[in-house]
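In: No sequence on hand, only this structure:
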């Protein structure tokens with residue numbers, strides 16, 4: 001596979017997966033058209049890095065489809081100077097796109113192999129090893145938090161790491177369906193609104209407590 005082939009695949013991703021699915025922020029489209037997605041997946045998956053699917057990247061984890069990343073960042077209205085936290089940063093793809101958009105990024109990852117790859121791929125970000133659901137209090141407060149995968153619940157501890165007016169973008173599993181959501185913190189209040197259903201990679205550590213019934 002040559003660099004020219006990857007450029008063609010990036011162009012096809014922009015045309016067929018982003019512009020046709022509500023990724024309407026020209027800056028997001030441009031950033032995703034520049035970031036080399038094949039650098040953020042295992043070498044044996046590089047040839048399918050631009051596929052419209054949740055792409056397995058090892059240890060039970062997966063990279064979100066391009067459309068999901070594009071929709072989340074579009075709805076989040078990323079602006080230069082955003083102080084962003086990426087939860088479940090994996091090998092750093094979303095981190096790299098956010099940096100292209102002018103954000104400073106703290107990236108949280110609990111998997112040692114993914115963390116090492118992410119640090120190598122995006123050395124300009126601040127990388128933190130720890131449980132995903134805990135976020136990173138050290139870098140708070142954040143104007144933007146991106147959950148780079150689907151969760152069953154959004155922990156209050158993460159919400160508390162948002163600045164007043166800060167946004168949170170991610171996917172929440174509701175009745176077995178993964179729904180992309182955007183939330184905003186206003187004072188002590190926080191609420192989310194779903195804007196699309198999508199096939200989204202699951203993140204570990206965000207399961208709802210089991211409910212027992214008799």
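Out: The structure has been received and is ready for your questions. This one's a predicted model, so the numbers in the text were calculated from it and none came from an experiment.
In: rest of the way, CA atoms for contacts and neighbours
Out: OK.
In: okay, how far is it across stretch 75-93, tip to tip?
Out: Looking at stretch 75-93, the gap from its leading to its trailing residue is 18 Å under the measure Cα to Cα, to the nearest Å.
In: which residue packs closest to residue 177, ignoring adjacent ones?
Out: Counting by Cα to Cα, 6 or more residues apart in numbering, the nearest residue to residue 177 once its immediate chain neighbours are dropped is residue 197, at 7.2 Å.
In: give me the number of residues near the one you found?
Out: Here the neighbour count serves as a burial measure; for residue 197 (other Cα atoms under 10 Å) it reads 15.
In: which residues does it contact?
Out: 177-180 (Cα atoms under 8 Å, 6 or more residues apart in numbering).
In: From the residues you listed, pick the one nearest residue 86.
Out: Each of the contacts of residue 197 was checked against residue 86 using Cα to Cα; the closest is residue 180, at 15.5 Å.
In: Excluding chain neighbours, what is closest to the closest one?
Out: Across the structure, with Cα to Cα, 6+ apart as the measure, the residue nearest residue 180 apart from its sequence neighbours is residue 171 (4.2 Å).
In: for residue 93, same thing?
Out: For residue 93, ignoring the flanking residues on the chain, the nearest one in space by Cα to Cα, 6+ apart is residue 40 at 5.6 Å.
In: surely that neighbour meets residue 95?
Out: No - in this structure, residue 40 is not within contact of residue 95 by Cα atoms under 8 Å, at 10.3 Å.
In: These two - which one has more neighbours?
Out: Between residue 40 and residue 95, residue 95 has the larger neighbour count (other Cα under 10 Å), namely 29 against 24.
In: how about the helix or strand containing residue 190: buried residues?
Out: With elements delineated by DSSP states H and E, residue 190 resides in strand 189-197, which encompasses its position. Buried positions in strand 189-197, judged by neighbour count with 16 or more other Cα atoms under 10 Å: 190, 192.
In: and it, which strands flank it?
Out: The strands beside strand 189-197 in its sheet (DSSP bridges) come out as strand 177-186 (antiparallel).
In: just to revisit the earlier point, report the separation between the residue nearest to residue 177 and residue 109.
Out: Between residue 197 and residue 109 the computed distance is 25 Å (Cα to Cα).
In: Might you list the low-confidence residue ranges for this structure?
Out: The model of the chain has pLDDT under 70 over residues 1, 210-214.
In: contacts for the host helix or strand of residue 30?
Out: Under the criterion of DSSP H and E, residue 30 resides in helix 26-34. For helix 26-34, the external contacting residues (Cα under 8 Å, 6+ apart) are 10-11, 14, 18-19, 23, 70, 73-74, 97, 100-101.
In: This completes my enquiry, with thanks.
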